[in-house]
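> Fold the following for me, if possible:
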Amino acid sequence: MEKYILFIFLAFVCEILGTISGFGSSILFVPIASLYFEFKSVLGITAVFHVFSNLSKIVLFRKGIDRNIALKLGIPAILFVLLGAVLTTYIAAPKMELMMNIALLLVALFLMFNFEKPLEQSNKNLYVGGTISGFLAGLLGTGGAIRGISLAAFHLPKNVFIATSAVIDLGVDSSRAIVYLYNGYFDKKYIILIPFLILISVLGSAVGKWILERTSEKAFRYLVLLLIMATSVLQSIHFFSA
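Numbering: from 1, shown residues only. All right, here's what the predicted structure looks like:
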């Protein structure tokens, strides 16, 4: 258990940053967990962790849930996360992850330079964002940044952004967790981590909410885009160094 102490602390930091950014901690949590576990175990642990994480955010930000966005972005995300999760047995993911990181960086830069031009909340944009984020969440363990880009482009208020994203993510993570558990991605020896993951999800979400209450809407939108760019660059560097 001693070797997991640093992992638990880093997971706590990921949860705080994931709450502040609004797109969840998986884009930060997955590369950190990869230092401690093999890839398929990372997928299983991430999915289980995120179920508790999203429940915490839903309780804390429940007044901000936008049902229209949650349904139109969430339903395709849940359907396609199942496809992505099933394909993990057949497709080598690292190169796809690199392509995703490069695409995210370019889109985030575009939105940064067009900061005052929100994307139309059309059904098409919601369906496409949900489909891509769900598929990548199932295949790579992290699709929150794609959903974050979609929601950031709509210029949603921070409470609506976080609450709605958490509702969608709960459906996505619950779905893929079932597939991962069925495929044996969550080994019984990791059950000892569950109480710590629950505690981290609650405390990290609460600290993130406290910080957000002292952050302006404009600063929040900038923060989302900056975090997406930073994590995209860091994960691309990790890919090439590996």
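> can we go C-alpha only for contacts and neighbour counts from here?
Fine.
> Send over the helix or strand hosting G18 as CSV, restricted to the C-alpha atoms.
According to DSSP states H and E, G18 maps onto helix 5-21. Extracted C-alpha coordinates of helix 5-21, given in CSV (Å, rounded to 0.1, in the frame of the first residue of the first chain):
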residue,chain,number,x,y,z
ILE,A,5,0.5,6.9,-1.2
LEU,A,6,1.9,9.3,-3.8
PHE,A,7,-0.6,8.0,-6.3
ILE,A,8,-3.5,8.8,-4.0
PHE,A,9,-2.2,12.3,-3.4
LEU,A,10,-1.7,12.9,-7.2
ALA,A,11,-5.3,11.6,-7.7
PHE,A,12,-6.5,14.1,-5.2
VAL,A,13,-4.8,16.9,-7.1
CYS,A,14,-6.3,15.6,-10.4
GLU,A,15,-9.8,15.7,-8.8
ILE,A,16,-9.4,19.3,-7.8
LEU,A,17,-8.1,20.4,-11.2
GLY,A,18,-10.8,18.2,-12.9
THR,A,19,-13.5,20.0,-10.9
ILE,A,20,-12.1,23.4,-11.6
SER,A,21,-11.8,22.7,-15.3
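> Buried residues of it, list them for me.
By neighbour count on 16 or more other Cα atoms under 10 Å, the buried set for helix 5-21 is 7-8, 10-21.
> List the first helix or strand encountered after that helix toward the C-terminus.
Assigned by DSSP H and E, the successor of helix 5-21 is helix 26-33.
> Surely I65 touches V160?
Yes - using Cα atoms under 8 Å, I65 makes contact with V160 at a distance of 5.5 Å.
> that older thread, run the angle between the helix holding G18 and helix 26-33 for me.
Orientation of helix 5-21 against helix 26-33 (axes from the mean of the first three to the mean of the last three Cα atoms, to 10 degrees) gives an angle of 170 degrees.
> Quick one: residues in contact with helix 5-21.
24-26, 28-29, 32-33, 36, 53, 57, 162, 196-197, 200-201, 203-205, 207-209, 211-212, 220, 223-224, 227 (Cα atoms under 8 Å, 6 or more residues apart in numbering).
> Tell me the buried residues within those residues.
Neighbour counting with 16+ other Cα under 10 Å marks 24-26, 28-29, 32-33, 53, 57, 162, 197, 200-201, 203-205, 207-209, 212, 220, 223-224, 227 as buried within the contacts of helix 5-21.
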